[in-house]
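Peer 1: model this:
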Amino acid sequence: MELIILFGVLAALMLFMSSRTRKQQKQQAEFRSSLEPGQEVMTGSGMVGTVVDVDDAADVITLESAPGTRTRWLRAAIVKKMDAPVVGEDADEAEESSDAGSITSADGDVDVPDDLSGLDTAQREYQENKRRENGDTEDK
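Peer 2: Residues are numbered from 1 along each chain as shown. Prediction:
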């Protein structure tokens, strides 16, 4: 009887984890399908560039990292959209009104994990907190 309960709990856990993974994959696929010229994005290897061409037939995105420097990437290599930097007077206003980009605490200490395994969790927690601050209650 205990063995059946254990297998039931393990099966439920595996189902929960796989559904969460499918949900994340679906979100990434939707993001990649919505890419269009002019957006600033980052690849999985960390290269940042502006989308200049989208070839849906070949599933290839052309990025420009510096003026005149264009590279072609598979659509799957694009992992996230970069937020446009705030320039000029808007930067001063944004800095005064929000410290959302700050990684330091009020006392100046920064909590750095000892290994890389905690970074994914920390990033997810940061995004959830940011979403809550913006009043977005939709579970993504």
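Peer 1: assign Gly8 to helix, strand or coil.
Peer 2: helix (DSSP: H, G, I helix; E, B strand; the rest coil).
Peer 1: mind pulling up the pLDDT for it?
Peer 2: Reported pLDDT at Gly8 in the predicted model: 90.
Peer 1: what segments of the protein are strands?
Peer 2: Using DSSP state E, the strands of the chain run over residues 40-43, 48-55, 60-66, 69-74, 78-81.
Peer 1: okay, now the sheet partners of the fourth one, with direction.
Peer 2: In other words, strand 69-74. Strand partners for strand 69-74, identified by DSSP bridges, are recorded as strand 60-66 (antiparallel).
Peer 1: my read: Pro37 touches Ile61, true?
Peer 2: No: using CB atoms under 8 Å, Pro37 makes no contact with Ile61, being 9.6 Å away. All C-beta atoms are positioned from the backbone trio N, CA, C, and that covers glycine.
Peer 1: so between those two, which is more surrounded?
Peer 2: Counted by other CB atoms under 10 Å, Pro37 and Ile61 do not tie: Ile61 has more neighbours, with 27 against 12.
Peer 1: returning to that earlier point: identify the contacts common to Pro37 and Ile61.
Peer 2: Common contact partners of Pro37 and Ile61 (CB atoms under 8 Å, 6 or more residues apart in numbering): 51, 53-54.
Peer 1: and of the strands of the chain, who's closest to Arg20?
Peer 2: Closest to Arg20 of the strands of the chain is strand 78-81 (CB to CB; 17.9 Å).
Peer 1: what mean pLDDT would you report for that closest one?
Peer 2: The average pLDDT within strand 78-81 is 88.
Peer 1: sorry, back to before: as JSON lines, the strands of the chain with distance to Phe16 would be great.
Peer 2: What follows is these, written out as JSON lines (distance: least, CB to CB, whole Å):
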{"stretch": "strand 40-43", "distance to Phe16": "29"}
{"stretch": "strand 48-55", "distance to Phe16": "34"}
{"stretch": "strand 60-66", "distance to Phe16": "33"}
{"stretch": "strand 69-74", "distance to Phe16": "31"}
{"stretch": "strand 78-81", "distance to Phe16": "24"}
